[in-house]
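Undergrad: turn this into a structure:
(2 chains)
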Number of protein chains: 2
Amino acid sequence: MQKQLIDTLVSITGSDSVLVGDLAEPYCSDWRGRYSGSALAVVFPADTGQVAEVVKLCAARRIAIVPQGGNTSLCGASVPLSTQAGEGQIVLNLSRMNRIRGIDPANYTMTVEAGCKLADVRAAAETSNRFFPLGLTATQKFCEIGGNLSTNAGGINVLRYGNARDLVLGLEVVLPDGRIWNGLRSLRKDNSGYDLKHLFMGAEGTLGIITAAVLKLFPRPQTEATACVAVRDPAVAVALLAHLRANCGDRISAFEIISRSSLDLVFKHIPETREPFTDKHGWIVITQLADVLSAPLDGALHEALRSFGAGIAEFDISPDKDHAERWWKLRKNISEAQKREGLSIKHDVSVPVSRIAEFISRADAELQQAFPGIRIVAFGHMGDGNIHYNISMMDAKQNQTFIAQQEAAVNKLVYAVVRELNGSISAEHGVGQLKRATLREHKDPLELELMRTIKQALDPHGLMNPGKVV
Amino acid sequence: MQKQLIDTLVSITGSDSVLVGDLAEPYCSDWRGRYSGSALAVVFPADTGQVAEVVKLCAARRIAIVPQGGNTSLCGASVPLSTQAGEGQIVLNLSRMNRIRGIDPANYTMTVEAGCKLADVRAAAETSNRFFPLGLTATQKFCEIGGNLSTNAGGINVLRYGNARDLVLGLEVVLPDGRIWNGLRSLRKDNSGYDLKHLFMGAEGTLGIITAAVLKLFPRPQTEATACVAVRDPAVAVALLAHLRANCGDRISAFEIISRSSLDLVFKHIPETREPFTDKHGWIVITQLADVLSAPLDGALHEALRSFGAGIAEFDISPDKDHAERWWKLRKNISEAQKREGLSIKHDVSVPVSRIAEFISRADAELQQAFPGIRIVAFGHMGDGNIHYNISMMDAKQNQTFIAQQEAAVNKLVYAVVRELNGSISAEHGVGQLKRATLREHKDPLELELMRTIKQALDPHGLMNPGKVV
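TA: Numbering: from 1, shown residues only, chains lettered A, B, ... in the order given. Now for the predicted structure:
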């Protein structure tokens, strides 16, 4: 039976585009090597018609499908489950579908296929003097736009431009039965029925396969200003953000907070990084303004910071881009520094922006009480209420035991605080297989039931990315 | 049976909050008097718990429910169908649920109940020095936020802030079985499962009843600049908008186009209105910039218009707010002027912004050929690709015959052009009962099937606002 399946897949996509055995393996593990499964085959369709044929074939034979883009999920969303042999799934990789179908500068939109790399989408927009704001500095050369939309990716510019779903006007989706829904509209307003596109975005391929999208574009920023601000504590940072929004408005394109522990790890592991100020401070904020007007923004940023009042220890506005880049280097290298330091228990949580300080102080206090001596590395997209909150022991040996024995207890404690503050246990990285069980514990049962109702209605045989999300 | 139902409703909401017979009638017709139905009762629950109890009662007895807010729908969405006696429905009016539950200035959010009037929501935001951008100048004193969200209302600031759905972070919804989904999160990022809120918004009450919402707030604009621009034709206006976005960015908060025929109607019927320029022009644009910085915007607007090049006949920047208001008066009174002139065949369509000129020229040409001598009144939210496109005969008597005999033919012709340009037959007014049949003709059958699948999954007995949308 497997041979027949492979033959049929080959007849759809060509023999170069179906991998089995050892050749398939790299596509069955995630890039961090944490999740591994097996697949009957990995298939690389060249266009939407081929995707539809593959899905129809699988639907008829009740073979499950794992849609895959750049395979950069942090939650194991884009690799097969480690099933027993025989419980076959196929991986449907969209990387060959990498055409920019069109750019409409006057409509500020572009139509792209799912397999376009995010960096290529951004570059294509620039050729038309437009800006596509989704930015994932660590992975944008590898991740693909279909995956970005399926996981509703976030990143550093959400504060100003929204999450991935907010950047989409239309979708083309291959449904679980293999039919193609052409929702590739490029309209700013359309109230002719239910909004189906939002269902498929953030569903991580469990309701259908996004094969193309119409993306919103924006004018290219012409000028920017960056400040590094030492704040007394996260509560000051919360108030500062509200003040900056009131005084600088939509110009604020980033507002990131970094704890002392995060900075120390960066200084320890990343060459050519150094304290942004002469004095050491407990918390720093990096914030950026950008504008399409070419008039300098430094004055407005300076005035907004100056007028804030108590709580800012000191601040500095970068005289040039290189100087700003040195600050950004601190932020962008926290993940790498942590990796070099060793394992940690990671959380990607969100709470209302106004409750970030409360989240940090409560979670810190409860964790320090339960696990004396732990190190807490907190940093992230404060402008979105999204904190990366990672826990480890300073001593490497102790740390190994700690993680092995206490991960569940740490998660439980952190997620309890998140829940009390009406937050989310997954702000931007999604659910995948990593957080599926956790979701069942922490999400409102009625909401889970609604999700399952939708899943059952659209994918009654459960063939789309099974074992993920719902 | 009906008496028993009324008694039970009264026991839930109190006797003052259940209307029957003559008292119920005003709630069974729309404000323009075009749609009229009858209801077993009109019930006014005071809180979400009461809504849930009423819905549970109706679910158990298979009684259909028409959710109603300010009843300002232009499509008959919020009144019962004119059914035969006995096929009873109830109207569930949310106007008593008009509490602002809370404002969180640091999070830039507010939590409001469905029955809050839009104008009150905007005013409440201002008391916290925040701005809620949804603006429907004609109806905001009457329409309610629950209805605005259920219909994904548009209005004049969509260009900058998006449609109603883009202004929502969380929802509370009473489901068709009477259970309450508490999705009242106020998070900027949340990737913990399917995005359910977008299903209920724009569904016009056919999937559940929105009882409360968390709304996004924005900094209050401090300064604005308004220009009136005479352009050669709509194609110039399209190019001008792209140029202004590139040069003024997010500051553009409105970009409205007005045809000569629209202006002439306003001058004829609305006192104290006059030509914006000495010369008469075929098309004018009114555009507005706004900013939270207090520095004047006139210079930036002037420079952007000056640098545009050919196609602008003349332009003027308002020296003050009163002067700008005189221009806005032209735009805001087009509907009123049309009403005074007589009936017309109205369309609320959208196409990609880049294709507006093509839409207008093609539809104009085909209509003039098919119906020589007609008057076409075209105007609207050009920045959103949303044109209000209305057709009548100049002569009142001829016009009556024309509308009676040709409405279907006119619609068919206009919608065919919309369809070829991949547009929408309902940009912002929704579907309701008015466009339900039209939707079936013009929408992709697969998309209609998906909508019905969702409807069937969430409302299997078809009790929520039957006969609307799907």
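Undergrad: the longest helix in chain A is where?
TA: Under DSSP state H, the helix in chain A containing the largest number of residues is helix A:396-420.
Undergrad: could you identify the helix or strand that succeeds that helix?
TA: helix A:436-442 (DSSP states H and E).
Undergrad: picking that back up, near chain B at all, the longest helix of chain A?
TA: No: Helix A:396-420 is not in contact with chain B by Cβ under 8 Å from any Cβ of the partner chain; minimum separation 10.2 Å. (Each C-beta comes from the backbone N, C-alpha and C, glycine too.)
Undergrad: which parts of stretch A:271-291 are buried?
TA: By neighbour count with 16 or more other Cβ atoms under 10 Å in any protein chain shown, stretch A:271-291 contains the buried residues A:273, A:276, A:281, A:283, A:284, A:285, A:286, A:287, A:288, A:289, A:290, A:291.
Undergrad: that stretch close to chain B?
TA: Yes: on the criterion Cβ under 8 Å from any Cβ, stretch A:271-291 is in touch with chain B at residue A:291.
Undergrad: work out the gap between that stretch and the centre of the chain.
TA: 24 Å (Cα atoms, centre = their mean, to the nearest Å).
Undergrad: kindly report the same for stretch A:75-84.
TA: That offset, for stretch A:75-84, works out to 18 Å (Cα atoms, centre = their mean).
Undergrad: one more: stretch A:459-470?
TA: Using Cα atoms, centre = their mean, the distance from the centre of stretch A:459-470 to the centre of the chain it belongs to is 21 Å.
Undergrad: and the buried residues of stretch A:271-291 as CSV, adding pLDDT?
TA: What follows is the buried residues of stretch A:271-291, written out as CSV (pLDDT from 0 to 100):
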residue, pLDDT
A:273, 96
A:276, 97
A:281, 97
A:283, 98
A:284, 98
A:285, 98
A:286, 97
A:287, 97
A:288, 96
A:289, 96
A:290, 95
A:291, 94
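Undergrad: show me what the longest helix of chain A is in contact with.
TA: A:342-345, A:347, A:349, A:351, A:359, A:362-363, A:366-367, A:370-371, A:374, A:389, A:391-393, A:424-425, A:438, A:441-442 (Cβ atoms under 8 Å, 6 or more residues apart in numbering or on different chains).
Undergrad: restricted to helices, list those residues.
TA: Going by DSSP H, the helices hold A:359, A:362, A:363, A:366, A:367, A:370, A:438, A:441, A:442 from these.
Undergrad: what about the fifth one, how many neighbours?
TA: Same thing as residue A:367. When counting by other Cβ atoms under 10 Å in any protein chain shown, one arrives at 20 neighbours for residue A:367.
Undergrad: same check, this time on the last one
TA: The local packing of residue A:442 (other Cβ under 10 Å) involves 20 other residues.
Undergrad: how about the residues of the stretch 51-200 of chain A by chain B?
TA: Residues of the stretch 51-200 of chain A lying near chain B (Cβ under 8 Å from any Cβ): A:104-109, A:129, A:151-152, A:154, A:158-159, A:162-163, A:165-166, A:175, A:179-196, A:198-199.
Undergrad: circling back to that earlier point, can you tell me which of the buried residues of stretch A:271-291 lies nearest to residue A:98?
TA: residue A:290 (28.6 Å; Cβ to Cβ).
Undergrad: can you classify that closest one as helix, strand or coil?
TA: The assignment at residue A:290 comes out as strand when based on DSSP: H, G, I helix; E, B strand; the rest coil.
Undergrad: list the contacts of the spatially closest residue to it that is not a sequence neighbour.
TA: Using Cβ to Cβ, 6 or more residues apart in numbering or on different chains and skipping residues adjacent in sequence, the residue nearest residue A:290 is residue A:221, 3.9 Å away. Residue A:221 makes contact with A:131, A:253, A:290, A:291, A:292, B:249 under the criterion Cβ under 8 Å, 6+ apart.
Undergrad: based on its surroundings, how many neighbours for the fifth one?
TA: For residue A:292, the number of neighbouring residues by other Cβ under 10 Å comes to 20.
Undergrad: relative to residue A:143, how far out is the residue nearest the centre of chain A?
TA: Geometric centre of chain A, nearest residue: residue A:153, 3.6 Å, by Cα atoms, centre = their mean. To residue A:143, residue A:153 is 8 Å away according to Cβ to Cβ, to the nearest Å.
Undergrad: quick check: neighbours shared by these two?
TA: By Cβ under 8 Å, 6+ apart, the residues touching both residue A:153 and residue A:143 are residue A:136.
Undergrad: up against chain B, what does the stretch 251-400 of chain A have?
TA: A:291-293, A:300, A:350-355, A:381, A:383-386.
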